[in-house]
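**Q** sequence and predicted structure, then a few things I'm wondering about:
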Amino acid sequence: MSGKNNLRFLILTAALLAGCAKPNYADSKGGGEPNTQALGSCELKFESENLCVSWAWENVASTTQYGSFLLQTAFPQNQGLMLRAPAAELKVLLWMPSMGHGSIPVQIEMVTPGLYRIKNVFFIMPGEWDLHFQLWNGGTKVDEATQRMIL
């Protein structure tokens with residue numbers, strides 16, 4: 001009988017300790033709006049085409065609602081940036097590195113050459129996410145700019 005009690009005690013202790021664990025994807029700040037950039041910044045680049053990449057939320061996505069953001073690709077000039085569409089195909093991938101999975105595919109709508117609306121953005125769980133802005137030529141990825149954000 002004492003062996004069964006020991007086993008029950010170990011199982012109960014393990015369950016309690018697991019329930020107290022803080023997953024490595026939990027945001028210690030307690031939530032808030034996910035990271036964003038200002039359109040027109042040049043923090044991210046497609047080096048292969050010398051294009052600045054910037055983005056800003058239109059409707060902030062979460063684990064409970066779909067969102068959208070504007071993505072801009074622009075050529076740097078003396079007077080600022082000039083919108084320009086990349087020659088290669090633009091793709092956007094949402095990826096959660098700590099869990100090794102992505103989210104549902106986004107939809108890319110060209111507003112004008114160099115300005116895109118990224119729709120159907122949804123994060124299936126809170127934590128760190130990477131937004132992979134990619135250029136593809138045929139079946140080959142030719143460039144990538146990545147932005148990490150915490151949801």
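**A** That came through fine. Numbering: from 1, shown residues only.

**Q** list the contacts of stretch 90-100.
**A** Defining contact as C-beta atoms under 8 Å, 6 or more residues apart in numbering, one finds that stretch 90-100 is touched by 24-25, 71, 73, 101-103, 106, 108, 116, 118, 121-125, 127-136. The way it works is simple: take the backbone N, C-alpha and C, and place the C-beta from them, glycine included.

**Q** distance between it and the chain's centre?
**A** Distance of stretch 90-100 from the chain centroid (C-alpha atoms, centre = their mean, to the nearest Å) equals 6 Å.

**Q** tell me the mean pLDDT over that stretch?
**A** Averaging pLDDT along stretch 90-100 yields 96.

**Q** mind checking the SS state of the one residue sitting closest to the centre of the chain?
**A** Nearest residue to the geometric centre of the chain (C-alpha atoms, centre = their mean): Leu131, 3.1 Å. With DSSP: H, G, I helix; E, B strand; the rest coil as the basis, Leu131 sits in strand.

**Q** nearest spatial neighbour of it, chain-adjacent residues omitted?
**A** Of all residues not flanking Leu131 in the chain, Gln147 sits nearest, at 4.6 Å (C-beta to C-beta, 6 or more residues apart in numbering).

**Q** re the thing from before, verify the stated contact: the residue nearest to the centre of the chain with Thr146.
**A** Yes. The criterion here is C-beta atoms under 8 Å, and Leu131 meets it with Thr146 at 6.8 Å.

**Q** which non-adjacent residue is nearest Asn120?
**A** Gln107 (4.6 Å).

**Q** mind listing the helices for the chain?
**A** Assigned by DSSP state H, the chain shows helices spanning 2-20.

**Q** could you list the low-pLDDT ranges of it?
**A** Residue ranges of the chain with pLDDT under 70: 1-37.

**Q** swap in 50 and give it another go.
**A** 9-32 (pLDDT under 50).

**Q** just the strands in the chain please.
**A** Assigned by DSSP state E, the strands in the chain fall at 44-46, 51-59, 67-77, 80-83, 89-96, 101-102, 107-112, 115-121, 128-137, 140-150.
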